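> Pasting a predicted model and its sequence here:
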Amino acid sequence: MECEQKYRINTKEEILIFGSNKKLELNIFNNIYEFKGEICTDTVNIMKNILDSKKTNGYSEIIFDFSGVNYVDSCGLGGLLKYAQRFRKMGYDFKIINVKDKVKEVIEITKLSGLLGVQ
């Protein structure tokens, strides 16, 4: 059963994503997407909707900064994989930087490090 999800835009590029009891912040600075919180079942669909609406023109690479991400589940990984593939298909270099050890371990166990461009 999918939880009701809501989001609101605070300021220019600061986006707060709310799930049933999870929160994910997304700050966008040019081509750098800075995530804070959890990328999981509760937040991934709203995250996808927001990323689908963003323009990426004028940059050769897209960077997801995970310095503030403390948890990723299988739904979150699926969403991230979708965007890694999508951005690369569009000709962008895609990478995820500043991944915490706990999150990196989950990504490595699933053998998605290379596909996700984890640095």
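That came through, no problem. Numbers count the residues shown, from 1 in each chain.
> contacts and neighbour counts: CA atoms only from here.
Will do.
> Pick out the residue closest to the middle of this structure.
A centroid search over the chain (Cα atoms, centre = their mean) returns residue 80, at 5.7 Å, as the residue closest to the centre.
> In the helix or strand containing it, which residues are buried?
Counting by DSSP states H and E, the element that carries residue 80 is helix 74-89. Under the neighbour-count criterion of 16 or more other Cα atoms under 10 Å, helix 74-89 has 75, 76, 77, 79, 80, 81, 83, 84, 87 buried.
> what do you get for stretch 91-104?
When neighbours are counted by 16+ other Cα under 10 Å, the buried residues of stretch 91-104 are found to be 92, 94, 95, 96, 97, 99, 104.
> so what strands line up beside the longest strand anywhere in the chain?
Ranked by residue count and defined by DSSP state E, the top strand of the chain is strand 61-72. Sheet pairing of strand 61-72 (DSSP bridges) gives strand 32-39 (parallel), strand 93-97 (parallel).
> Any stretches of this protein with poor pLDDT?
In the predicted model of the chain, residues 1-22, 55-57 satisfy pLDDT under 70.
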